[in-house]
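Student: curious how this folds, go ahead:
(chains A and B)
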Amino acid sequence: MSDIDMTPSVVLVLAIGVLFAAGVYLLLERSLTRVLLGFILLGNGANLLFLVAGGRAGGAPLVGTTPEDEMSDPLVQAMVLTAIVITLGFTAFVLAMAYRSWQLHGHDEVQDDLEDRRVARQAARNAPAFEDLDTEESGQTLDDEAAQVRDETDADGDGVTDRRLDDEGRR
Amino acid sequence: MDLVEVSKALVPLPVALPLVAAGLTLALWRHPRAQRIITATTLAVVLGVSVVLLVAADGGPVVVDVGEWAAPVGIDLIADRLSALMLTVSSFVMLCVLLYSLAQGVADGDDETPVAIYHPTFMVLAAGVFNAFLSGDLFNLYVGFEIFLAASYVLLTLGGTGERIRAGSIYVVVALLSSIIFLVAIAVTYAATGTVNLAQLSERFAEIDPGVATTIQLLLLLAFGIKAALFPLSAWLPDSYPTAPAPVTAVFAGLLTKVGVYAIIRTQTLLFPGGRLDDLLLWLALATMIVGILGAVAQNDIKRLLSFTLVSHIGFMIFGIALASEPGMAAAVFYVVHHITVQTTLFLVVGLVERRGGSTSLDRLGGLAKLAPGLAILFFVPAMNLAGIPPLSGFLGKLGLLEEGVAQGTPLTWALVVGSVVTSLLTLYAIVKAWNKAFWQTPPVEIPESVRLPRGMVGPATALVAFGVALTVVAGPLYAYTERAAATLLDGHTYVDAVFPDGSGRGQGVSSDVAEEGEGS
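Tutor: Residues are numbered from 1 along each chain as shown, chains lettered A, B, ... in the order given. This is a model prediction of the structure:
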């Protein structure tokens, strides 16, 4: 193990850094398509990291074709191949999910949780009166706000959510 | 000796059989009856295999070098006491959930859960979980994680309704991120040590720079912490689990987070003995318990309430792991077994409650104790078990943790002891609130006088409740088993010796004669 040249190429390291930075940035977006792009960048960054982890490049690792000390490490390539296949599968799945979301809602943004909003409203109800004055002045309840913030769950025909919302007297 | 030989042949079956079954059921998508028979039989066989392994592993870890490739070159599967125990409990739980979901599918006419997809996916999920439990190789562990995660994405978004897509997108994005972190951790591990075999890693991590080792430890902890829903990384769980169909939520809640806990146990004990991060883990355990249970107290929907108790009780297991002593680890393993059972049971029973009362919101339920006394018992027993009422198994697990916490007696472990007790009381409070509203209060909306609950759904739920109670009855032998499991986990050499029998750094496959250059490059 000690005789392998493990000094990584600066270009690869820089590429990994850029891929990770851009990937993380995109992952923080709200639209699934951008999140997906971020995931792909991160995945490729991780794959490059594997290549760096395998040491310097060399000949084909086949006994008889290359001297043993000039072979490249086949194990990392096997692992990268596996990772690429897995990433491909997940990319397909997220694409399908984004498409379904677009079918249902006309966009593919990740939604807030309705139950979270309800708990937040309960907290607002218990909050001191001066805060209530504010909300009353603006004439808005948290439900109205929730409705404005892209709340399409009542239009999708999903009985479960509809019932929850009806329960709150929105309709 | 016979048992060892037989069990060696059995080790790959929990991974292979469900995968074959997944292919068969996919090919037979036009024949739901054949699909049902195949999946149920497969899980029953796997359960049988697991029990054999449970007995065999008590005599020492059972190691198989897959394809006769010797260990560090090839991939090995290992069933030691911990793996075999997790395998047994999870295959039993999955079998019950499967039977429950079959009955539900028959009763509902499969509108929201297209069974043609459900069966193959459920089998793939099983294969992934079992692979993760048996893997003796870090990269194979990653593959196991990805297998069951891929299946879980499909199960969570079954039917593609708006609500499930919303919940699914949160879950999928978080899981993808944790997968990438895991992948990065493996790459760094390989760069630092030149191997991904767990047994070999356990030797090599001792030799490399401690700073690098700690970095890798933190990366792995981050990846597994997301899967296990450890406190700052747990927010995704209560948002995503409750929207799935009841059986899916049940199996996710019971198993998937525990696979994360299992991975934490395995890596912390085998790769990073010496407890560099134990204090950090103790703090995380405390925060997980308290924050999780405060979330549960605020909830008004039983499914969400249970999701928060799930997060909270992960803290107990991490507490036991972070104590890093045999009694602590034994209690943690016992608690994992208890919690898989009880959490799955509760989600299944809540599925029945939803069927009976038409909702899981505590504002719309009431009077069920009078309308459905049998259902009330099915809910009450595991609920009290979750809260840790003596003499049920939850109490025994917590008692073990508290005893060891007091025995170690540092200020931090005392804080954890107090935190555990407070968490237990708050769990009791949350559960009793759910009980009062769903079963005792005057119904706020009219609940139909008689709804027939399909026998096929009540049966598996009852079996799981009975299993939870049985854990108390057999707690003596079981606890002794987890103590032996903890001993082998912590002694640091049993696992390595089993993989490399002669101390040669080589497994038992035939390739040991040929592959001299394979190591590390």
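Student: spatially nearest residue to residue 104, not counting backbone neighbours?
Tutor: Just going to use chain A. B:G162 (4.9 Å; CB to CB, 6 or more residues apart in numbering or on different chains). Bear in mind the C-beta positions are built from the backbone N, C-alpha and C, glycine included.
Student: think we crossed wires, I meant chain B
Tutor: That would be B:M457: by CB to CB, 6+ apart, it lies 5.6 Å from B:Q104.
Student: any idea how many residues pack against the one you found?
Tutor: 24 (other CB atoms under 10 Å in any protein chain shown).
Student: A:T33 too?
Tutor: So A:T33, with other CB under 10 Å, has 18 neighbours.
Student: list the contacts for it?
Tutor: A:T33 makes contact with A:98, A:108, according to CB atoms under 8 Å, 6 or more residues apart in numbering or on different chains.
Student: do A:T66 as well
Tutor: A:58-60.
Student: still on that earlier bit, wait, isn't the residue nearest to A:L104 in contact with A:H105?
Tutor: Yes - using CB atoms under 8 Å, B:G162 is in contact with A:H105, at 6.9 Å.
Student: more neighbours, the two?
Tutor: Legend: neighbour count by other CB under 10 Å for B:G162 and A:H105, higher for B:G162 (23 against 19).
Student: and the pLDDT at B:A438?
Tutor: Note for B:A438: predicted pLDDT of 86.
Student: skipping its backbone neighbours, what lies nearest it in space?
Tutor: B:L365 (4.2 Å).
Student: packing partners of the lengthiest helix in chain A?
Tutor: The single longest helix within chain A, with elements called by DSSP state H, is helix A:74-105. Applying 3 or more CB pairs under 8 Å, 6 or more residues apart in numbering or on different chains; DSSP states H and E, we find helix A:74-105 packed against helix A:32-53, helix B:138-156, helix B:162-193.
Student: quick revisit: buried ones among the contacts of A:T66?
Tutor: Taking 16 or more other CB atoms under 10 Å in any protein chain shown as the criterion, what is buried in the contacts of A:T66 is A:G58.
Student: I'd like the contacts of A:T66 laid out as CSV, including pLDDT, secondary structure and distance to chain B.
Tutor: Output for the contacts of A:T66, formatted as CSV (pLDDT from 0 to 100; DSSP: H, G, I helix; E, B strand; the rest coil; distance: CB to the nearest CB, whole Å):
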residue, pLDDT, secondary structure, distance to chain B
A:G58, 79, coil, 10
A:G59, 81, strand, 13
A:A60, 83, coil, 14
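Student: what pLDDT is listed against the nearest residue to A:G54 once chain neighbours are set aside?
Tutor: In space, and not counting its chain neighbours, A:G54 is closest to A:V76: 3.3 Å by CB to CB, 6+ apart. At A:V76, the model reports a pLDDT of 89.
Student: A:V76 and A:I16, how far apart?
Tutor: Using CB to CB, to the nearest Å, A:V76 is found at 14 Å from A:I16.
Student: do the same with B:A324
Tutor: With CB to CB as the criterion, B:A324 and A:I16 are 34 Å apart.
Student: and the helices and strands packed on helix A:74-105: which comes nearest B:I117?
Tutor: Nearest to B:I117, of all those, is helix B:138-156, at 6.8 Å by CB to CB.
Student: low-scoring pLDDT stretches of the chain, where are they?
Tutor: This is for chain A. Scanning chain A for pLDDT under 70 picks out A:1-6, A:115, A:127-171.
Student: correction: the question concerned chain B.
Tutor: B:1, B:106-115, B:509-521.
Student: tell me the gap between whichever helix or strand B:G374 is part of and the middle of its chain.
Tutor: According to DSSP states H and E, B:G374 maps onto helix B:373-387. Taking CA atoms, centre = their mean, to the nearest Å, one finds the center of helix B:373-387 at 21 Å from the center of the full chain.
Student: how about residues contacting stretch B:7-17?
Tutor: B:42, B:45-46, B:49-50, B:52-53, B:56-57, B:62-64, B:66, B:77-79, B:87, B:91, B:127, B:130-131, B:133-134.
Student: how near is B:V49 to chain A?
Tutor: B:V49 sits 26 Å away from chain A, going by CB to the nearest CB, to the nearest Å.
Student: same question, B:A322
Tutor: 29 Å.
Student: quick one, what contacts that residue?
Tutor: B:275, B:278-279, B:281-282, B:285, B:328.
Student: for it, which three-state class applies?
Tutor: Here B:A322 is helix, with the state taken from DSSP: H, G, I helix; E, B strand; the rest coil.
Student: quick check: closest non-adjacent residue to it.
Tutor: B:L281 (3.6 Å).
Student: quick one: the one you found and B:I321 touch, right?
Tutor: Yes - counting by CB under 8 Å, B:I321 is a contact partner of B:L281 at 6.5 Å.
Student: and B:A79, what are its phi and psi?
Tutor: Per-residue torsions, B:A79: phi -110, psi 100 (degrees, to the nearest 10).
Student: if it is in a bridge, with which residues?
Tutor: According to DSSP bridges, the residues that bridge with B:A79 are B:V62.
Student: quick one: contacts for it?
Tutor: Counting by CB under 8 Å, 6+ apart, B:A79 has contacts B:7, B:11, B:53, B:56-57, B:61-62, B:87, B:134.
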